[in-house]
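# Could you look at this predicted model? Sequence included:
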Amino acid sequence: MHVVDRTRKDAPVPPDDAGVTFVMPVLNEEAYLRRAVETVLAQDVPGPVELVLALGPSSDRTDDIARDLAASDDRIRLVDNPAADIPVGLNRAIRAGSHPTIVRVDAHSELSPDYTRRALATLARVRAANVGGVMRADGRTPFQRAVARAYNSPIGLGGGAYHGGTREGEAESAYLGVMRRAVLEEVGYFDETIRRGEDWELNLRIRRAGYRVWFDPQLSVVYWPRESWVRLARQFRATGAWRGELVRRYGRRNSLRFFAPPALVAIAALAVVVAALQVTRVLTGVWALMASIVYAPVAAYAVLVAAVAAGRGGGKGWRDKLWTVAVLPTMHVAWGSGFLAGLVTRARDTVDTSRLGGRNTPLP
């Protein structure tokens, strides 16, 4: 006997040829924008297509490239995003578009050729409001390859479905996302007070409204991570701060995996305090021995990082492996410390400055 889940609502399914609006927030992406746009415009979609670029105040040649692209193809439209806030840019781009299905694209990403067609078919089949696939991080330099490896590993980012899941089904959130405009209008678009984690929060409201958020592992997006250690640390600290803010707002609706990095930071800080007390002989004897247990999880973490770096798929050489040893703790500590700050003092005006100032390294 088939049981109908009356708490679920089916998202509308527009005609196959109703058209698709791609939306892309852009800031300092001269090395990646042209290729990202090419993969969007090459999508095999049965109907009209438009791409709306939300341009932040770039300091490199991004705006010039965007204007050249728009001048050469009337499917491309430009809107301003002067504050460079991602949810603001996304909302402006969505409202500037006209088609019933919205495809979010990152300027640091490349869509596989059948991505949109597959996503449209999945949306129609399961009547979901949003569907996403797998982020397949890649890199060109030893550092970027190490970051990509961390992204693709369950150790790096906590094992979210879109970092390597293989089982199709309902999901907590969706990477980028192919969404029905009608549902976005119903739930109120992206929350412009949230500067990081805006996709998770939007999908929470979509699920609260009774719609499905779906994961399809056959959908694949190539993602190019940050190109330097400083940019990576900035990115992850801002992301962690906003996750702390989201925990303040939504509590245990956040997955347990989000609490692992701040727990690591807290334990490491406690280990430093214990070590200082032992060195200064404030802690001695049985008390010093008992307190030494705090070193166990730190040592276990160090062994885990070393094992990941030395394991299969470790990159193209010893530089990749050494960078992996540096990258994993950087991601976890920056994210965890940001989380604790956001949880205690709120994220407030925390922004991701990893795209601000200077130029991204061009791809070879």
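That came through fine. Residues are numbered from 1 along each chain as shown.
# Quick check: which element contains the residue lying closest to Ala341 once chain neighbours are set aside?
Spatial nearest neighbour of Ala341, chain neighbours left out: Ala241 (5.5 Å); criterion: Cβ to Cβ, 6 or more residues apart in numbering. (Glycine included, C-beta is placed from N, CA and C.) Assigned by DSSP states H and E, Ala241 falls within helix 229-250.
# State the three-state secondary structure for the nearest residue to Leu340 once chain neighbours are set aside.
Counting by Cβ to Cβ, 6+ apart, the nearest residue to Leu340 once its immediate chain neighbours are dropped is Pro262, at 5.1 Å. With DSSP: H, G, I helix; E, B strand; the rest coil as the basis, Pro262 sits in helix.
# And Thr350, by the same measure?
Relying on three-state DSSP, one would call Thr350 coil.
# again with Glu227
Secondary structure, three-state DSSP: Glu227 is coil.
# surely it meets Thr141?
Yes - Glu227 is in contact with Thr141 according to Cβ atoms under 8 Å; the separation is 6.9 Å.
# More neighbours: which of those two?
Neighbour count, other Cβ atoms under 10 Å: between Glu227 and Thr141, Glu227 has more, with 21 against 16.
# Next one, pLDDT for the residue lying farthest from the centre of the chain please.
Centroid-distance maximum for the chain: Gly285 at 47.5 Å, with Cα atoms, centre = their mean. If you check Gly285, the pLDDT there is 91.
# What residues does the most centrally placed residue in the chain make contact with?
Nearest to the centroid of the C-alpha atoms of the chain, with distances taken as Cα atoms, centre = their mean, sits Tyr175, at 6.6 Å. Applying Cβ atoms under 8 Å, 6 or more residues apart in numbering to Tyr175 gives the contacts Gly132, Gly133, Val134, Met135, Tyr162, Asp199, Val221.
# Filter the residues you listed down to the ones in helices?
Within the contacts of Tyr175, residues falling in helices by DSSP state H are Asp199.
# phi, psi of Gly19?
Dihedral pair for Gly19: phi 100, psi 160, per degrees, to the nearest 10.
# Name all residues that make contact with it.
So Gly19 contacts Val45, Gly47, Pro48, Val49, Glu50, Ser98, His99, Pro100, Thr101 (Cβ under 8 Å, 6+ apart).
# again, but for Ile155
Residues near Ile155 by Cβ under 8 Å, 6+ apart: Leu304, Val305, Val308, Leu328.
# ok, the first one to Pro87 distance?
Read that as Leu304. Distance of Leu304 to Pro87, given as Cβ to Cβ, to the nearest Å: 35 Å.
# out of these two, which sits in the busier spot?
More neighbours surround Pro87 than the other of Leu304 and Pro87, with 22 against 12 (other Cβ under 10 Å).
# excluding its backbone neighbours, what's nearest the more buried one?
Phe190 (3.8 Å).
# what's the answer for Val52, then?
Ala93 (3.9 Å).
# Same check on Val344?
Excluding its sequence neighbours, the residue lying closest to Val344 (Cβ to Cβ, 6+ apart) is Gly244, at 7.6 Å.
# strands paired with the lengthiest strand in the chain, and their directions?
When the chain is parsed with DSSP state E, its longest strand is strand 213-223. Based on DSSP bridges, the pairing partners of strand 213-223 within the sheet are strand 109-111 (antiparallel), strand 130-137 (parallel), strand 169-170 (antiparallel).
# which residues touch the first one?
The contact list for strand 109-111, computed with Cβ under 8 Å, 6+ apart, reads Arg35, Ala36, Thr39, Val40, Gln43, Val105, Met135, Leu176, Val221, Val222, Tyr223, Trp224.
# what's the closest of these to Leu204?
The closest of the contacts of strand 109-111 to Leu204 turns out to be Leu176 (Cβ to Cβ; 16.5 Å).
# Report the contact partners of that closest one.
Per Cβ under 8 Å, 6+ apart, neighbours of Leu176: Val103, Arg104, Val105, Asp106, Ser109, Gly132, Asp199, Val221.
# before we move on, which element is Val286 in?
Assigned by DSSP H and E, Val286 belongs to helix 285-291.
# so what secondary structure elements neighbour the next helix-or-strand element following that helix?
For helix 285-291, the succeeding helix or strand toward the C-terminus, using DSSP H and E, is helix 295-310. Secondary-structure packing of helix 295-310 (3 or more Cβ pairs under 8 Å, 6 or more residues apart in numbering; DSSP states H and E): helix 154-157, helix 260-279, helix 318-345.
# go with 7 Å
helix 260-279, helix 318-345 (3 or more Cβ pairs under 7 Å, 6 or more residues apart in numbering; DSSP states H and E).
# ranking those helices by burial, who's on top?
Compared across the helices and strands packed on helix 295-310, helix 318-345 shows the largest average neighbour count, a mean of 21 (mean count of other Cβ atoms under 10 Å).
# Quick one: work out the angle between it and helix 295-310.
Interaxial angle, helix 318-345 versus helix 295-310 (axes from the mean of the first three to the mean of the last three Cα atoms, to 10 degrees): 140 degrees.
# And the average pLDDT for helix 318-345 is what?
92.
# which helices and strands does that helix pack with?
Where contact means 3+ Cβ pairs under 7 Å, 6+ apart, helix 318-345 is packed against helix 142-152, helix 154-157, helix 229-250, helix 260-279, helix 295-310.
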